[in-house]
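In: structure for this input, please:
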Amino acid sequence: MATVVILASLAALFEIVGIAVTIVDIRAARKRVAGYLKRPRHVYASADLAVAFAAAVDLEPGNQTLEKRIGALEAWRRGLPDELKYREDQLKDQLASDFRNALTAAEKTIDDQFQGLREYVEGAQQSFWAGYRGPIILVAGVVLGLVVNIVSSLRP
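Out: Model prediction:
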């Protein structure tokens, strides 16, 4: 009879401890959620989008004659398609580089956010025991209580 009382008391103790540990774990999980929501977000920046444009031609009417000014304008006009093609290629290269940099920065930012979310969901590499110790202790108490009840009911 004393054994049954001791085992029933032990089962009740397991159940109480299991419930208490579960409550503590739930509160800790709430704190982890709050910590995740408050964690600093890393936003990675790309290189500046700076493209410098130089003057197409240096024409100062100063002391130039009309013929020299017209000759300079015609030379500038003849070189204009090559200059425009060069600037277009230079601008394409610069924009492609800036786009790649911006895309890489966005990818790093998203990877950082996913890593933080992954750590939160996984419980920061939490073990099975740490995640389920409260319910395991509670179930052990319930099973022990059931065994005690069955054994005590079978006794004459």
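In: any low-confidence regions in the chain?
Out: For the chain, the stretches with pLDDT under 70 are 43-63, 123-126, 156.
In: which residue is nearest the middle of it?
Out: Nearest to the geometric centre of the chain sits Gln113, at 0.6 Å (CA atoms, centre = their mean).
In: the host helix or strand of that residue: what's the following helix or strand?
Out: Element membership for Gln113 (DSSP states H and E) is helix 66-121. Scanning forward in sequence from helix 66-121 by DSSP H and E, the next helix or strand is helix 128-154.
In: chain center to that following helix: distance?
Out: Per CA atoms, centre = their mean, to the nearest Å, the displacement of helix 128-154 from the mean C-alpha position of its chain is 40 Å.
In: cool, stretch 108-117 as well?
Out: Here stretch 108-117 is found 2 Å from its chain centre; the criterion is CA atoms, centre = their mean.
In: and it, what's buried?
Out: Residues of stretch 108-117 include none that count as buried (16 or more other CB atoms under 10 Å). Just so you know, the C-beta spots here come from the backbone N, C-alpha and C atoms, and that holds for glycine as well.
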